[in-house]
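Chemist: Provided below are the primary sequence and the corresponding predicted coordinates.
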Amino acid sequence: MTEARPFLGRPEAAMDTKWLLSRFDGRINRARYWLAALIILGSMVVALMLLAVFCLILGIPTGPLTINLVGIAASFQLDDSDTGALLPKLVAVLMTLVFAWFFAIASIKRLHDRDKPGWWIVPFIIAPGLHAQFGDWLRGSGLEFLVGLAVLIASVWGFVEMSGLKGTNGPNRFGPDPLAPIDARPRWDQHSGLEFLSHKAGPSAGATSVPGET
């Protein structure tokens with residue numbers, strides 16, 4: 001017997017962390033979304049602190065640690081002339097990709113709760129994250145103001161949409177309502193609920209016997 005999945009109607013109270021951060025299907029409410037974001041951010045900080053301690057023990061320079069909350073990214077501000085400091089920078093980039101993947105999963109589930117497809121993370125999360133990382137390339141150009149304004153509008157809209165607004169009431173095309181009340185009533189078992197009486201041979205009720213017959 002296989003375990004029921006949240007997308008197939010499992011109550012939100014029984015959702016596990018593995019499903020929350022490893023699958024794109026289903027819906028989560030605002031509280032679950034904030035919980036996932038805090039777990040991802042806290043894990044990122046701890047991982048980078050461990051990396052910094054590891055580099056300190058080995059004598060590898062790291063530079064100041066930078067965490068970008070908008071783009072869910074973290075990096076070390078390194079001196080380009082120091083080639084030995086590239087190791088922590090590469091590790092930080094790999095960790096950023098992993099944590100960004102987890103955050104994308106949680107964000108898509110939250111968009112599903114708003115009855116929106118997952119590609120909405122492109123204007124809401126990916127575009128602001130890319131602008132935060134590479135926005136300096138547009139500095140001094142005519143597109144700097146327009147792109148910055150568009151990214152700002154998308155960021156505010158995405159924050160309100162995913163972090164502030166309630167999901168659709170009842171089930172939608174992406175799954176059941178995560179805030180639906182849990183039915184704790186025991187289910188009726190047809191096999192145990194029915195009682196079968198053994199049939200005994202003999203004359204039926206009301207039958208009379210005929211004299212002389214055996």
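Modeler: Received it, and whenever you're ready, just let me know what you need. Numbers count the residues shown, from 1 in each chain.
Chemist: helix/strand/coil for Ser155?
Modeler: Here Ser155 is recorded as helix under DSSP: H, G, I helix; E, B strand; the rest coil.
Chemist: That one - how many residues pack around it?
Modeler: The tally of other residues near Ser155 (other Cβ atoms under 10 Å) stands at 19. Any C-beta I mention is one placed from the backbone N, CA and C, and that applies to glycine too.
Chemist: Now it. Nearest residue, chain neighbours left out?
Modeler: In space, and not counting its chain neighbours, Ser155 is closest to Pro128: 4.5 Å by Cβ to Cβ, 6 or more residues apart in numbering.
Chemist: Verify the stated contact: that neighbour with Ile153.
Modeler: No. Pro128 is beyond contact range of Ile153, at 10.1 Å (criterion: Cβ atoms under 8 Å).
Chemist: out of those two, which sits in the more crowded spot?
Modeler: Remark: of Pro128 and Ile153, Pro128 carries more neighbours, 22 against 11, as counted by other Cβ under 10 Å.
Chemist: Tell me the buried residues in the host helix or strand of the more buried one?
Modeler: Using DSSP states H and E, Pro128 sits in helix 127-134. In terms of neighbour count (16 or more other Cβ atoms under 10 Å), helix 127-134 has its buried residues at Ala127, Pro128, Gly129, His131, Ala132.
Chemist: So which of the residues you listed is the closest to Val147?
Modeler: Within the buried residues of helix 127-134, proximity to Val147 (Cβ to Cβ) peaks at His131, which comes in at 6.8 Å.
Chemist: Please identify the nearest residue in space to that closest one, excluding sequence neighbours.
Modeler: In space, and not counting its chain neighbours, His131 is closest to Val151: 4.4 Å by Cβ to Cβ, 6+ apart.
Chemist: In three-state terms, label that neighbour for me.
Modeler: Once three-state DSSP is applied, Val151 turns out helix.
Chemist: ok, so what distance separates it from Pro123?
Modeler: 9 Å (Cβ to Cβ, to the nearest Å).
Chemist: who has more neighbours, the two?
Modeler: Taking other Cβ under 10 Å, Val151 and Pro123 do not tie; Val151 has more neighbours (19 against 16).
Chemist: what's near enough to touch that one?
Modeler: Ala127, Pro128, His131, Gly135 (Cβ atoms under 8 Å, 6 or more residues apart in numbering).
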